[in-house]
Each structure stands twice: as structure tokens, then as C-alpha cells.
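**Q** how would this look folded up:
(4 chains)
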There are 2 protein chains.
Amino acid sequence: MTNGKKRIPESTISRLSVYLREITELAAVNIKTISSAELGDRTNLSDVQVRKDLGYFGQFGVSGAGYSVAELKIALEKILGRDKTWNVAIVGVGHLGSALLAYSGFRKHGLDVVAAFDTDIRKIGKEFEGVKISSIEELGQTASKEKVAIGIIVVPAGEAQEVAETLVNSGVECILNFAPVSLNVPENIKVKNVDLSRELETLSYYLANNGDGGGK
Amino acid sequence: MTNGKKRIPESTISRLSVYLREITELAAVNIKTISSAELGDRTNLSDVQVRKDLGYFGQFGVSGAGYSVAELKIALEKILGRDKTWNVAIVGVGHLGSALLAYSGFRKHGLDVVAAFDTDIRKIGKEFEGVKISSIEELGQTASKEKVAIGIIVVPAGEAQEVAETLVNSGVECILNFAPVSLNVPENIKVKNVDLSRELETLSYYLANNGDGGGK
DNA sequence: CGAACTTCGTGATTATTTTCACAATATAGT
DNA sequence: ACTATATTGTGAAAATAATCACGAAGTTCG
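**A** Residues are numbered from 1 along each chain as shown, chains lettered A, B, ... in the order given. Model prediction:
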């Protein structure tokens, strides 16, 4: 990205992903063009939101006609970096880590799970979904050797910070953190948190405060 | 919540959950008081943010001394509805659904997984982590009979909307949606999305645009 | 070709959330 | 009791994000 016009909200990036998903479906059923209003309907967003979001990256539409599905698809793939492949390492092969190893979506997003790590001696050396599980001792060395760009942390809270540091020291630039802690990392490292407790607790708040006041 | 003073940002609620987690740890190691600055440090947030967030719900602190850990813990638990128990149903027992069934955090948050559903005939009738798996046909009836308050959707994208509607029609008030689609539900229903594709794609964007321009 | 209609792109406006700044209040030391 | 210090709570200001409003551009149809 060389165009330094404006800071782009992260929420915009996140929505681009949604647009691309929808556009990919439209392309699959051979729809040729779509308006911002229609795309908004399908994604539960407003037409202006769609146009503003796309507007950060250029002018893709045609007045009076809308967007070419094929062109928009290519543009979004380019913007989101799907034309490149990035290596991923999964750290922690418990219930959730295993589910992630089995997740078929990585490849679709241009991501390649090249390594998995655990502390459990019974798992080390085994293969899961085509990925060999190594000792967490080897994390640093393997991550740099394999040029891992994205590290996924699925270890208990107490171990997450240390894992994050090892990842960062091995050149990993992005972390997807499932552990319920805020990681402390240099600011050039991008961290995204998926925090189940927080989500559940938000729902619990909603139930306790906006609902019927029920519960058991 | 009858106190109609101000709309409370959802981000505030989500952070309360983080504060509570930290406060619980502090209580466990017998720390008696904590300042907003210290709590902010531990959660990677600013001191003002902490105070503002708490300020929506009352005055819990003591000038010059900070917050009593024990009192704040109780207050936060009350606010977040942890003093009540809510019933949860998990719809979809694939890789991720199974991992959720095994997740020990539900109980900790006052949540009780009372039912799980799947379409796979080989799973129906079996028990997973103490929860019986029923046919998805029974979802509506069981959800209302068991007074399910939170439905967790872990089915393929194409089935998610229908599942959501069944849940809503059975009196479910909150949905945690792992399927990569935006659900259409009445506005009094609270939906939280956990969208792995979106997270991964945001990271991919970051790598493609802010990083070294690498990739394979 | 021209009129009616559609749709985009974007500056201006509004809404929301975060940060600042500081008065008010409590504590601790002497 | 008094002073220096710590810390809260909150209006005001700043930053950020979403929505409005509308001109410009393109399409369709008679």
C-alpha cells in the first residue's frame, strides 16, 4: 500500500472480507453485476457503507449500473492479499487446536498450515490432518526456518505470552490469539483476539439486563 | 436495566469482562486494592478507559486508594449477570462444535450446556462430554422445553439462517454464531459473530499491505 | 437523441467512542 | 492538624466512524 491518503478503519477491512465472500457466491451463480444497495442487503449493511468501504481503495463501480462481480472479486482478492500465500503455525493442539487443524478454510484464504506444536508428549511426532505435531521447544527454530507469517495461539492463558514472544522473535508478524489474555507485543505486530469468554459474557450481560430478567 | 441514563457502548461491556478476569486473578493471589492505572496496565488499556467504563455503572472506587478488589469483583459479577445461570444449546457437532462441547469455560460463566444437535445419524443419540446429541429435527421443541437462552450455531453457512430462525421461534434470546454468514433476526435478538475467515483475512490484508510485501 | 431513471463517489454532517484535563476527595507522613 | 501525594469521577475536547445529501455519470427506453 503506497497510497497514503487516509487511515483505513479496521472495520472496513473486516467488511471487505464479507463483501468478497458474497461476491464469490454471486460469481458462482453467474451473476454479472450488483449494486451497492443489493450487496448491502445481502450483508446487512447500508449501501453507503458498501460504497464508502470500497471507496478507500479506488473506484470500482459504474454509475447507473453498479459493480462488475468479476472485477470486484479480483480487486477484493488483491486488496486482501489472497493472491499470495502465507505460512501458518498452530500452537496448541487441544480440543480447539485440533478443530483448527481440521478447518478447511485456511487454504481458501491462501494460508498454509505448515506446523503445529504441543507440549503433550503423546501428541508430539504424530500427524494430524496432514500436519506433523512438534514439541513446543522447537517452536522458535521451526517458525523462523519455515518463514511462518501467522501464528495461532491456542494454549492455556498462562502460556500464551511466552508463546507470543517466541513467535515474535522468530519473525512472525501476525498473531491470532484464542487464549483469554491480552498479549503484550511490539506495535508492529498485528494481533487479533478471539475471546470466547468475552463473547459469552457479553451475551450474559444482555440477558441479565435487557431480557426478561429470567435465568435460573 | 431500567436506569436509562446513557447508552452503554458494547465495547465497554466487552472490556468489563476483561476487568473481571483480571480482578478474579488478583483476588486469587490475595491482592486487596488496585488502581485504575494498574488495572489498565494489566489489561493493556488506559486508566481513563477503565474509570470511564466502570463509571457507567456507578462509583466503585475510593479517591487516593483505588478499587477494592473484592468489592469490584462482586460488582462486576452482578453487572455481567454471572449470578444467574442460563441454558445453552450447541447446534452442530462437527470439529468446532465438539471442541465447544469440551470447553470448560461455560460453567465458569454461569452457562449450562443442556443440549446439542446434529444432522449426522451416527452422532445422534450418543453422548459427548455429558451432553446427549439429538437430531436437529428436535431443535425447536427441545429449545423451548429446556428454556434455552443462548444458542450457539456451529453449522455450515447454508444452514445457519434456518437454524437461527428455529432458535428465535423457540424463545432463544441470544445467538453466538460461528457460521460465516450474517444472520437475519429480529432486532431484540442479540447476535454475536465469531468469524474466523474475517479474522484471517484481516491478517492477510495486514501482511500484504503493511508488512514486507513478502508471501510465497 | 433525449428524458426519466439508476447508481456511484464523496464532502459535509451527525453520532459514537476515546482521550484530556482537572476539581474533588482520600490517604500517608510528619 | 497540615501538607504532599495519589487517585477517582466526569464534563469538555478530540478522534474516529457511520450516515446523509447530492452532484456527476451511466443506462434504458421511447
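**Q** from here on, contacts and neighbour counts on C-alpha atoms
**A** Will do.
**Q** quick one: average confidence on the strand or helix carrying residue A:106?
**A** Assigned by DSSP states H and E, residue A:106 falls within helix A:105-108. Summarised as a single mean, pLDDT over helix A:105-108 is 92.
**Q** just stretch A:45-58 next, same as before
**A** Rounded mean pLDDT across stretch A:45-58 is 98.
**Q** for the strand or helix carrying residue A:175, give me every contacting residue.
**A** When elements are assigned from DSSP H and E, residue A:175 belongs to strand A:174-177. Strand A:174-177 is contacted from outside by A:149-154, A:164, A:189-195, B:199-200, B:203, B:207, using Cα atoms under 8 Å, 6 or more residues apart in numbering or on different chains.
**Q** just the C-alpha atoms of it, please, in CSV.
**A** Extracted C-alpha coordinates of strand A:174-177, given in CSV (Å, rounded to 0.1, in the frame of the first residue of the first chain):
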residue,chain,number,x,y,z
CYS,A,174,0.6,-11.6,12.9
ILE,A,175,-1.0,-13.5,15.7
LEU,A,176,-4.4,-14.9,16.1
ASN,A,177,-4.9,-15.4,19.8
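**Q** now, the contacts of strand A:174-177 that are in strands?
**A** A:149-153, A:190-193 (DSSP state E).
**Q** buried residues in the lengthiest strand in chain A, which are they?
**A** Secondary structure assigned by DSSP E gives strand A:111-118 as the longest strand of chain A. Neighbour-count burial for strand A:111-118 flags A:111-118 (criterion: 16 or more other Cα atoms under 10 Å in any protein chain shown).
**Q** tell me how far residue A:158 lies from residue B:47.
**A** 24 Å (Cα to Cα, to the nearest Å).
**Q** so who does the closest residue to residue A:99 other than its chain neighbours touch?
**A** Among residues not flanking residue A:99 along the chain, residue B:95 sits closest, at 4.9 Å (Cα to Cα, 6 or more residues apart in numbering or on different chains). Residues in contact with residue B:95 (Cα under 8 Å, 6+ apart) are A:98-99, A:102-103.
**Q** need those in JSON lines with secondary structure, can you?
**A** Listed next are those as JSON lines, based on DSSP: H, G, I helix; E, B strand; the rest coil:
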{"residue": "A:98", "secondary structure": "helix"}
{"residue": "A:99", "secondary structure": "helix"}
{"residue": "A:102", "secondary structure": "helix"}
{"residue": "A:103", "secondary structure": "coil"}
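**Q** quick one: buried ones out of those?
**A** A:98-99, A:102.
**Q** including pLDDT, could the residues you listed go into CSV?
**A** Below are the buried ones among the contacts of residue B:95 laid out as CSV (pLDDT from 0 to 100):
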residue, pLDDT
A:98, 97
A:99, 97
A:102, 96
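**Q** closest one of the residues you listed to DNA strand D?
**A** residue A:99 (30.6 Å; Cα to the nearest atom of the strand).
**Q** biggest helix in chain A by residues?
**A** helix A:10-28 (DSSP state H).
**Q** now do that one: which elements does it pack against?
**A** helix A:36-43, helix A:47-55, helix A:69-79, helix B:196-210 (3 or more Cα pairs under 8 Å, 6 or more residues apart in numbering or on different chains; DSSP states H and E).
**Q** I'd like to know which elements the longest one is packed against.
**A** Of the remaining helices and strands, those touching helix B:196-210 by 3+ Cα pairs under 8 Å, 6+ apart are helix A:10-28, strand A:174-177, strand A:190-193.
**Q** before we move on, the earlier item: from the contacts of residue B:95, which is closest to residue A:141?
**A** Closest to residue A:141 out of the contacts of residue B:95 is residue A:98 (22.1 Å), distances taken as Cα to Cα.
**Q** tell me how many other residues crowd whichever residue of chain A sits closest to DNA strand C.
**A** Nearest residue of chain A to DNA strand C, counting by Cα to the nearest atom of the strand: residue A:64, 2.9 Å away. By the criterion of other Cα atoms under 10 Å in any protein chain shown, residue A:64 has 7 neighbours.
**Q** what's the answer for residue A:193, then?
**A** 17.
**Q** which strand residues bridge it?
**A** In this entry, residue A:193 is beta-bridged to residue A:177, by DSSP bridges.
**Q** and the pLDDT at it?
**A** Residue-level pLDDT assigned to residue A:193 equals 97.
**Q** which residues of chain A lie near DNA strand D?
**A** Residues of chain A lying near DNA strand D by Cα under 7 Å from any atom of the strand: A:7-12, A:45-46, A:48-49, A:52, A:62-65.
**Q** for those residues, which PyMOL command selects only the ones that are buried?
**A** Buried residues within those, by 16+ other Cα under 10 Å, are selected in PyMOL with:
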select buried, chain A and resi 12+45+46
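**Q** hmm, back to that, comparing residue A:158 and residue B:47, which residue is more hemmed in?
**A** residue B:47 (15 against 11).
**Q** is DNA strand C contacted by the longest helix of chain A?
**A** No. On the criterion Cα under 7 Å from any atom of the strand, helix A:10-28 is out of touch with DNA strand C, staying 12.1 Å away.
**Q** how about that helix: buried residues?
**A** For helix A:10-28, burial by neighbour count (16+ other Cα under 10 Å) applies to A:12-24, A:26.
**Q** low-confidence ranges in chain A?
**A** A:1-5, A:211-216 (pLDDT under 70).
**Q** other SSEs contacting the helix or strand where residue A:134 lies?
**A** Element membership for residue A:134 (DSSP H and E) is strand A:131-135. Strand A:131-135 is packed against strand A:111-118, with contacts defined by 3+ Cα pairs under 8 Å, 6+ apart.
**Q** mind giving me the packing neighbours of the strand it packs on?
**A** strand A:86-91, strand A:131-135.
**Q** run through who's touching it.
**A** A:85-93, A:101, A:106, A:124, A:131-136, A:139, A:142, A:146, A:148.
**Q** ditto for stretch A:143-159
**A** By Cα under 8 Å, 6+ apart, the list of residues contacting stretch A:143-159 reads A:86-94, A:96-97, A:114, A:160, A:163-164, A:167, A:170-181, B:203, B:207.
**Q** may I see the buried residues of that stretch?
**A** Applying 16+ other Cα under 10 Å to stretch A:143-159 flags A:143-144, A:147-155 as buried.
**Q** so how far is it from its chain's centroid?
**A** How far stretch A:143-159 lies from its chain's middle: 14 Å, per Cα atoms, centre = their mean, to the nearest Å.
**Q** and it, end to end?
**A** End-to-end for stretch A:143-159, by Cα to Cα: 17 Å.
**Q** could you do stretch A:41-53 as well?
**A** Start-to-end, stretch A:41-53 (Cα to Cα) is 15 Å.
**Q** same question for stretch A:135-143.
**A** OK, stretch A:135-143 end separation, Cα to Cα: 12 Å.
**Q** which parts of that stretch are buried?
**A** A:135-136, A:139-140, A:142-143.
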